[in-house]
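*Asks:* generate coordinates for the sequence data below:
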Amino acid sequence: MDILEPEDEIPVKVISVPKTQKTPRIIAMEPTAMLYAQKSLQEVIYESVQRSDTLRTLIGFLDQEPNRVLAERGSSDGSLATLDLSEASDRVSFEHVRELLAFTPNLLGAVDACRSRKAQVDGHGVIPLAKYASMGSALCFPIEAMVFLTLVFIGIEEKLNRHLTRKDVESFTGRVRVFGDDIIVPVDCVEQVIWSLEYFGMKVNRSKSFWTGRFRESCGKEYFAGHDVSIVRVRQLPPASSADAQRVISWVQMSNQFYRAGLWRTVRWLDSFMSGILSDYPVVEESSAVLGRHSFMGYQAQKTGGRYQVPLVRGFVPHGVIPANRLDEHHALHKWFLLRGDLPIADEDHLERSGRPSVVNIKRRWAKPY
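*Replies:* Below you'll find the predicted structure:
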């Protein structure tokens with residue numbers, strides 16, 4: 001076995017991936033061996049949090065909905081504030097993590113052992129990392145959330161002017177919630193929480209943080225006075241014909257987002273427009289593969305057929321050829337770690353083909369409306 005010294009370890013590779021039309025997102029590609037270790041530890045952390053009746057109500061890793069529910073309540077009664085952090089992962093240093101886990105040396109040793117210490121940056125060479133982890137590390141998200149939750153309660157201690165007991169922490173269930181860098185705190189503690197976050201080097205994005213008025217935003221959802229006012233973005237130009245598959249798909253999705261937002265006049269205009277583009281534009285459920293209109297009243301079947309006599313509608317279904325991407329050995333094992341669960345993997349060719357289709361078409365056929 002060839003054991004490498006820390007200075008000989010492979011650095012992470014810094015790359016950019018799409019985020020918005022304005023700016024890309026900067027992430028780091030971790031070496032395979034590091035990612036294996038990080039994923040195994042991530043799973044232990046997630047399961048440990050879920051076993052704690054108190055902790056799982058205060059911090060989330062997989063489900064954004066509790067944050068959104070609290071943001072809606074904050075917009076309705078003004079009792080809760082929503083805070084957003086800038087450069088969140090870049091500002092969580094390893095010193096923060098060292099102090100956080102000082103009383104759990106085994107966990108500290110584990111998160112340290114699978115931490116990449118160097119990064120390969122185009123144009124800058126190899127640079128050392130003072131932060132705990134870059135986005136791309138499997139431990140970046142859970143560790144930063146744990147740090148932020150700790151800083152929130154330091155701020156609450158400052159507000160109360162005393163050390164918190166376990167019972168005190170439990171009393172904040174339903175009033176404090178952290179999901180990544182989206183933070184919910186009581187309005188009467190917000191000044192002290194912001195002080196705590198900034199004192200320890202975090203950067204509160206005050207233009208996206210709300211604790212006065214009736215507007216709140218968290219985890220991509222926006223609320224005003226208890227109403228969902230999340231914006232719907234027009235991401236593509238209008239399609240000229242059904243041959244413009246990407247634009248057709250984007251506009252159908254946009255129309256259904258407007259429908260869920262209750263903008264009925266906009267939806268009527270879009271339905272009329274899309275009916276002129278698509279010769280078949282049926283009413284289907286959200287889970288259907290058919291490009292169609294969503295309705296709170298449910299789908300409208302056009303006939304019953306097929307081997308199992310199921311309801312069917314005629315419409316356009318997106319179709320794309322998944323690129324060939326054969327995986328074996330450690331790459332296949334890595335994918336198994338990412339996809340494993342209680343249910344079998346639905347795609348039997350997932351080790352042969354993967355990724356986004358290079359070309360997407362839409363084909364007119366009969367299909368299930370659900």
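
*Asks:* what's the lowest-mean-pLDDT helix or strand in the chain in contact with?
*Replies:* Lowest by mean pLDDT, DSSP states H and E among the helices and strands of the chain is helix 329-339, with a mean of 72. The contact list for helix 329-339, computed with Cβ atoms under 8 Å, 6 or more residues apart in numbering, reads 32, 35-36, 39-40, 327, 345, 350-351, 354. Where you see a C-beta, it was placed from the backbone N, CA and C, and this is true even at glycine.

*Asks:* count of neighbours near residue 84?
*Replies:* Counted with other Cβ atoms under 10 Å, the neighbours of residue 84 add up to 19.

*Asks:* quick check: beta-bridge partners of it?
*Replies:* residue 182 (DSSP bridges).

*Asks:* now do the contacts for it.
*Replies:* Applying Cβ under 8 Å, 6+ apart, the residues contacting residue 84 are 181-183, 204-205, 208-209, 217.

*Asks:* among the residues you listed, name the buried ones.
*Replies:* Using 16 or more other Cβ atoms under 10 Å as the burial test, the contacts of residue 84 include 181-183, 204, 209, 217 as buried.

*Asks:* export the residues you listed to CSV and append columns for distance to residue 9 and pLDDT.
*Replies:* Putting those into CSV (distance: Cβ to Cβ, whole Å; pLDDT from 0 to 100) gives the following:
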residue, distance to residue 9, pLDDT
181, 28, 92
182, 32, 95
183, 33, 97
204, 34, 96
209, 38, 97
217, 40, 96
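
*Asks:* pick out the most distant pair among those residues.
*Replies:* Pairwise distances across those peak at 13.7 Å for 204 and 217 (criterion: Cβ to Cβ).

*Asks:* ok, now which ones touch residue 328?
*Replies:* Counted by Cβ under 8 Å, 6+ apart, residue 328 has contacts residue 351.

*Asks:* just the pLDDT for residue 340.
*Replies:* At residue 340, the model reports a pLDDT of 66.

*Asks:* quick one: least confident of the contacts of helix 329-339?
*Replies:* Among these, residue 345 has the lowest pLDDT, at 66.

*Asks:* most surrounded residue in the contacts of helix 329-339?
*Replies:* Neighbour max across these (other Cβ under 10 Å) = residue 35, 22 neighbours.

*Asks:* checking my notes, that one in a helix, right?
*Replies:* Yes - applying DSSP: H, G, I helix; E, B strand; the rest coil, one finds residue 35 inside a helix.

*Asks:* count the neighbours of residue 142 for me.
*Replies:* The burial count for residue 142: 20, using other Cβ under 10 Å.

*Asks:* could you look up the SS state of the residue nearest to it when sequence neighbours are not counted?
*Replies:* Once flanking residues are discounted, residue 142 sits nearest to residue 45: 5.0 Å by Cβ to Cβ, 6 or more residues apart in numbering. Assigned state for residue 45: helix (three-state reduction, three-state DSSP).

*Asks:* what's the pLDDT at the closest residue to residue 37 other than its chain neighbours?
*Replies:* Nearest residue to residue 37 in three dimensions, chain neighbours excluded: residue 114, at 3.7 Å (Cβ to Cβ, 6+ apart). For residue 114, the pLDDT comes out at 92.

*Asks:* phi first, then psi, for the residue nearest to residue 80 when sequence neighbours are not counted.
*Replies:* Nearest non-adjacent residue to residue 80, counting by Cβ to Cβ, 6+ apart: residue 74, 3.2 Å away. Main-chain torsions, residue 74, degrees, to the nearest 10: phi -60, psi -40.

*Asks:* what distance do you get for the residue lying closest to residue 31 once chain neighbours are set aside to residue 315?
*Replies:* Closest residue in space to residue 31, ignoring its immediate chain neighbours: residue 10 at 4.4 Å, by Cβ to Cβ, 6+ apart. Distance, residue 10 to residue 315, using Cβ to Cβ, to the nearest Å: 49 Å.

*Asks:* so which of these two has more stuff around it?
*Replies:* residue 315 (27 against 14).

*Asks:* what's the burial count for the residue nearest to residue 142?
*Replies:* Neighbour number of residue 45 under other Cβ under 10 Å is 20.

*Asks:* what of residue 41?
*Replies:* Neighbours of residue 41 (other Cβ under 10 Å): 19.

*Asks:* what distance separates the strand or helix carrying it from the centre of its chain?
*Replies:* Using DSSP states H and E, residue 41 sits in helix 32-51. Centroid separation for helix 32-51 versus its chain: 17 Å, with Cα atoms, centre = their mean, to the nearest Å.

*Asks:* tilt between that helix and helix 329-339?
*Replies:* Inter-element angle recorded for helix 32-51 and helix 329-339: 20 degrees (by axes from the mean of the first three to the mean of the last three Cα atoms, to 10 degrees).

*Asks:* which strands and helices sit next to helix 32-51?
*Replies:* Applying 3 or more Cβ pairs under 8 Å, 6 or more residues apart in numbering; DSSP states H and E, one finds that helix 32-51 contacts helix 55-58, helix 105-113, helix 140-160, helix 329-339.
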